[in-house]
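Participant: Give me the fold of what follows.
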Amino acid sequence: MELRIFWYLYPLLVLLACRFVVSLPFFKWKLKQVDLAVLFLVLGLHELSLDTYGHSIFPFWLIMTCLLGIALAAFFAYNYGELPFKRFFKMFWRLTFLLTMTVYFIFIIINLYVHWPIF
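Facilitator: So this is what the prediction gives:
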């Protein structure tokens, strides 16, 4: 039970830790906290999905991320007639963060429903 509560609080802990790391004076890259948090949130999503269903959602997340990249590339190609790589990868990584956080919070709700003592 205690480990399950840790995975519920994990996104908040990851965001706070990434904010601390990015704000260090010797950190030379120009990144935001969400840029670092995606990798750790995927790990948490994997563990939470194992606790909820007994198998990992990582392959499905990977497919969703690939489809997001294809859709974003098509959007840029249609609207701008070109694919500006820097802008594309920046927007892709930030949208991947939003996708990961959304799926993570959905899995927290599902996990609470599955493991709630009343049900």
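
Participant: how much space between V114 and D51?
Facilitator: Computed as CB to CB, to the nearest Å, the V114 to D51 distance reads 9 Å. Any C-beta I mention is one placed from the backbone N, CA and C, and that applies to glycine too.

Participant: Which one of the two is surrounded by more residues?
Facilitator: Higher neighbour count among V114 and D51: D51, with 15 against 12, using other CB atoms under 10 Å.

Participant: That one is in what secondary structure piece?
Facilitator: In this assignment (DSSP states H and E), D51 forms part of helix 33-53.

Participant: Can you point out the buried residues in the helix or strand just after that helix?
Facilitator: Per DSSP H and E, helix 33-53 leads on to helix 58-80 as the next helix or strand towards the C-terminus. Across helix 58-80, burial judged by 16 or more other CB atoms under 10 Å covers 61, 65, 69, 72, 76.

Participant: for helix 58-80, what is the average pLDDT?
Facilitator: Per-region confidence: helix 58-80 scores 95 on mean pLDDT.

Participant: Show me what it is packed against.
Facilitator: helix 33-53, helix 85-115 (3 or more CB pairs under 8 Å, 6 or more residues apart in numbering; DSSP states H and E).

Participant: in stretch 36-45, what counts as buried?
Facilitator: 36-38, 40-42, 44-45.

Participant: which one of these is nearest T96?
Facilitator: Using CB to CB, V38 comes nearest to T96 of those, at 5.7 Å.

Participant: residues touching the closest one, list them.
Facilitator: Applying CB atoms under 8 Å, 6 or more residues apart in numbering to V38 gives the contacts 93, 96-97, 100.

Participant: same thing but at 6 Å, please
Facilitator: Taking CB atoms under 6 Å, 6 or more residues apart in numbering, we find V38 in contact with 96-97, 100.
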